[in-house]
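Asks: okay, predicted coordinates and the sequence, questions at the end:
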Amino acid sequence: MMLKMEDLTRSFLYAVISFSLLSFATGDVRFTRSPPSKIFAIEDNTTKLNWEYYVSDKTTDFALKSPIWEYSNDNGKNWIEIANEAIARSWNWTVSASCPPSLKPRLKKLYNATIQIVNVTFNDTGTYRCRLMLSSGTSIPRTTILNVTSKGQTKVPSTVTTGGGDGTESGSEDGNRTTATSTPSSEPPCDTTCIVIIIVVIVILILVIIVAVYCYKKKQKLRLERAREGNESKKGSLN
């Protein structure tokens, strides 16, 4: 009985470790670059939303449609899909049918997940989001708010980034006019995939502890039974 229990324990641990390694192998999806939380663009200029990501295998790690680019004009309460890539189109980028008509002809993809809006208008002001849709059913989103200002505006807040058409970023001051920019932030230290892996590791540790305690109690019980049997056999021999 003890031998069978050890075999079951060993098989269980192998299965758990294999599942953990599989999670690491198939869960390598992450953003490597994202826009700042807020971007200012000047009317009629071109702005760029810099998203870049890494995926080890699109076919395995991505859902049937990923990434998805979305737009909201009500602070993220409702989202409109403006573009996507899908496995059915060999992951080719396309503007979605739901994209606002005024934005459609001015929206372009440059590389990876970075998109460009040419001749920005005040109607383009809003929240933009890129989501990596995973085969697990979850998603990894990155969001930025685009504010379009008029050409006559004399000052842009120094705490935000202005989206340049060439993707370069710099900071300068000229009288009352301020253009303050910064390098787009990279991914946060922990995303959805990281959280899933941490949960898996915690579950594995808990299960290992439970199995170890069970085996220890089983061994103690067997020792007591053997000791009891030994005592009884000694008593019988004396009698």
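Replies: Structure's in. What do you need?
Asks: tell me which strands and helices the longest strand along the chain is in contact with?
Replies: Using DSSP state E to define each element, the chain has its longest strand at strand 139-149. Counting contacts by 3 or more CB pairs under 8 Å, 6 or more residues apart in numbering; DSSP states H and E, strand 139-149 packs against strand 29-33, strand 38-42, strand 47-49, strand 126-133, helix 192-238. No exception for glycine: its C-beta is placed from N, CA and C like everyone else's.
Asks: wait, which of these is closest to D61?
Replies: With CB to CB, the closest approach to D61 among the helices and strands packed on strand 139-149 belongs to strand 29-33: 5.0 Å.
Asks: one step back: lowest-confidence stretch among the helices and strands packed on strand 139-149?
Replies: Mean pLDDT values for the helices and strands packed on strand 139-149 show the minimum at helix 192-238, a mean of 80.
Asks: report the angle between that helix and strand 139-149.
Replies: 160 degrees (axes from the mean of the first three to the mean of the last three CA atoms, to 10 degrees).
Asks: so what does helix 192-238 touch, helix or strand wise?
Replies: helix 2-26, strand 139-149.
Asks: can you give me the angle that helix makes with strand 29-33?
Replies: 140 degrees.
Asks: low-confidence ranges, this structure, go.
Replies: Applying pLDDT under 70 to the chain flags residues 1-27, 153-194, 234-239.
Asks: save the helices and strands packed on strand 139-149 as JSON lines, and put in distance to S66 and mean neighbour count too.
Replies: Listed next are the helices and strands packed on strand 139-149 as JSON lines, based on distance: least, CB to CB, whole Å; neighbours: other CB atoms under 10 Å:
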{"stretch": "strand 29-33", "distance to S66": "9", "mean neighbour count": "19"}
{"stretch": "strand 38-42", "distance to S66": "23", "mean neighbour count": "20"}
{"stretch": "strand 47-49", "distance to S66": "17", "mean neighbour count": "23"}
{"stretch": "strand 126-133", "distance to S66": "4", "mean neighbour count": "22"}
{"stretch": "helix 192-238", "distance to S66": "13", "mean neighbour count": "12"}
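Asks: mind putting these into JSON lines with distance to G76?
Replies: Conversion of these to JSON lines gives the following (distance: least, CB to CB, whole Å):
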{"stretch": "strand 29-33", "distance to G76": "18"}
{"stretch": "strand 38-42", "distance to G76": "13"}
{"stretch": "strand 47-49", "distance to G76": "15"}
{"stretch": "strand 126-133", "distance to G76": "5"}
{"stretch": "helix 192-238", "distance to G76": "18"}
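Asks: list the buried residues for the longest strand of the chain?
Replies: By neighbour count on 16 or more other CB atoms under 10 Å, the buried set for strand 139-149 is 139-142, 144-149.
Asks: any idea of the angle that strand forms with strand 38-42?
Replies: If you take the same axes, to 10 degrees, strand 139-149 sits at 40 degrees to strand 38-42.
Asks: list the pairing partners of strand 139-149 within its sheet, with orientation.
Replies: The pairing partners recorded for strand 139-149 under DSSP bridges are strand 38-42 (parallel), strand 126-133 (antiparallel).
Asks: for I80, find the nearest of the helices and strands packed on strand 139-149.
Replies: Of all these, strand 126-133 comes closest under CB to CB, at 9.3 Å.
Asks: contacts made by the closest one with the rest, please.
Replies: 29, 31, 34-35, 49, 51, 53, 55, 62-63, 65-73, 75-76, 79, 113, 115, 139-146 (CB atoms under 8 Å, 6 or more residues apart in numbering).
Asks: fine, thanks again, bye for now.
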